[in-house]
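Peer 1: Turn this into a model:
(one chain, ligands or ions: 1)
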Amino acid sequence: MAELDPSQPLPEKGVVVRDLTLAYGDTVVQQSLSFHVRPASIFVIMGVSGCGKSTLLRHMIDLEQAEQGDVVFDGHRLWTDDSAERAALQRRIGVLFQSTALWSSMSVGENVGLPLQLHTRLSAAEIRDQVAFKLALVGLAGQESRMPSELSGGMQKRAGLARAIALDPDYLFLDEPSAGLDPITSQRLDALIMSLRDALQLSVIAVTHELPSIFTIADDSIYLDNESRCAIAHGDPRVLAEHAEHARVRAFLNRQPIAAEDAAP
Ligand SMILES: Nc1ncnc2c1ncn2[C@@H]1O[C@H](COP(=O)(O)OP(=O)(O)OP(=O)(O)O)[C@@H](O)[C@H]1O
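Peer 2: Numbering: from 1, shown residues only. Below is the predicted model:
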């Protein structure tokens, strides 16, 4: 269960978000967010467009820092004043952006090898081995020399995943992983994400509003509400679809229009 119990000590393992408020200037996007991502599980951040999913993700991967609240990875605070500790923690985080962000002028192998070149002292041969291994994990064995523009959308996502796991992260963040993919390719990507969770014992945090993906991959979830600007549901989305207290959450998960009396906070 994602919800933090304030009467209990903070979980030592996994990712803890505690009392986080996200704002741009005076405009609050989300407030008082508190939840726990269990180790080796897939946690989905869901909600309608504009509710603040990507903003939350950007804070959790340290692209932005909140004025209030904490993000804690296996007991280590992300926004520590110790820059070495902060950099070490950043290295344990892998990210697949919605655009995949592959360098178009580099081959697939060079793209996947880049984090290893930048952040390790591995030899060229060791990097080649690691790249081959990571590409095999995502079903792209032997595709090192192809250019990103020669790959289908689904293959580009998988190459992006191979790069995201190049440094053997403990936490993998995915921003709308199935956006732009057909349902079959999307289903394969979901299966790949679940197999990476199991094979590499990754804690996966995914932002998505694709219902089939949510129901397939989520071990746990949080629903960010666009109107009250806070999280109004935590838990297994299959359970929330039937039993969420808030009608807006049930409407979202069942793809139903919202009744007028439920539209207000
Ligand atoms: N850099 C920014 N400066 C000011 N406001 C921003 C900025 N980025 C996002 N916002 C605003 O913050 C709110 C949340 O945006 P965000 O992109 O996090 O939502 P989202 O849930 O990820 O949406 P979508 O599903 O459409 O991607 C929106 O109202 C958006 O306009």
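Peer 1: which bits of the stretch 1-150 of the chain sit near the ligand?
Peer 2: Neighbours of the ligand within the stretch 1-150 of the chain, by Cβ under 6 Å from any ligand atom: Tyr24, Val29, Gly47, Ser49, Gly50, Cys51, Gly52, Lys53, Ser54, Thr55. The C-beta positions use only the backbone N, C-alpha and C, and glycine is treated the same way.
Peer 1: Going by neighbour count, which of those are buried?
Peer 2: Val29, Gly47, Cys51, Gly52, Lys53, Ser54, Thr55 (16 or more other Cβ atoms under 10 Å).
Peer 1: Using JSON lines, please lay out those residues together with secondary structure, pLDDT and distance to Ser195.
Peer 2: Below are those laid out as JSON lines (DSSP: H, G, I helix; E, B strand; the rest coil; pLDDT from 0 to 100; distance: Cβ to Cβ, whole Å):
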{"residue": "Val29", "secondary structure": "strand", "pLDDT": "96", "distance to Ser195": "33"}
{"residue": "Gly47", "secondary structure": "coil", "pLDDT": "94", "distance to Ser195": "27"}
{"residue": "Cys51", "secondary structure": "coil", "pLDDT": "95", "distance to Ser195": "29"}
{"residue": "Gly52", "secondary structure": "coil", "pLDDT": "95", "distance to Ser195": "30"}
{"residue": "Lys53", "secondary structure": "helix", "pLDDT": "95", "distance to Ser195": "24"}
{"residue": "Ser54", "secondary structure": "helix", "pLDDT": "94", "distance to Ser195": "25"}
{"residue": "Thr55", "secondary structure": "helix", "pLDDT": "95", "distance to Ser195": "29"}
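Peer 1: Could you find the closest non-adjacent residue to the residue of the stretch 151-265 of the chain found nearest the ligand?
Peer 2: Closest residue of the stretch 151-265 of the chain to the ligand, Cβ to the nearest ligand atom: His209 (5.9 Å). Distance criterion Cβ to Cβ, 6 or more residues apart in numbering; nearest residue to His209, sequence neighbours excluded, is Met46 at 6.0 Å.
Peer 1: Pop the domain breakdown of this structure in here.
Peer 2: Using automatic domain parsing, the domain ranges for the chain come out as 13-92+170-257, 102-168.
Peer 1: tell me the contacts of Gln90?
Peer 2: Ile61, Asp62 (Cβ atoms under 8 Å, 6 or more residues apart in numbering).
Peer 1: let me fix that: Ser105
Peer 2: No contacts exist for Ser105 under Cβ under 8 Å, 6+ apart.
Peer 1: Next one: it from the ligand, what distance?
Peer 2: As for Ser105, its distance to the ligand is 28 Å (criterion: Cβ to the nearest ligand atom, to the nearest Å).
Peer 1: Tell me if I am right that Gln30 is in a strand.
Peer 2: Yes. The assignment for Gln30 is a strand, going by DSSP: H, G, I helix; E, B strand; the rest coil.
Peer 1: all strands of the protein, in order?
Peer 2: For the chain, strands defined by DSSP state E occupy the ranges 15-24, 27-37, 42-46, 68-73, 76-77, 93-96, 171-175, 203-207, 220-224, 231-234.
Peer 1: now the ones you listed in a markdown table, with distance to Ala191?
Peer 2: Shown next, in a markdown table, are the strands of the chain (distance: least, Cβ to Cβ, whole Å):
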| stretch | distance to Ala191 |
| --- | --- |
| strand 15-24 | 23 |
| strand 27-37 | 21 |
| strand 42-46 | 12 |
| strand 68-73 | 26 |
| strand 76-77 | 31 |
| strand 93-96 | 15 |
| strand 171-175 | 14 |
| strand 203-207 | 13 |
| strand 220-224 | 19 |
| strand 231-234 | 25 |
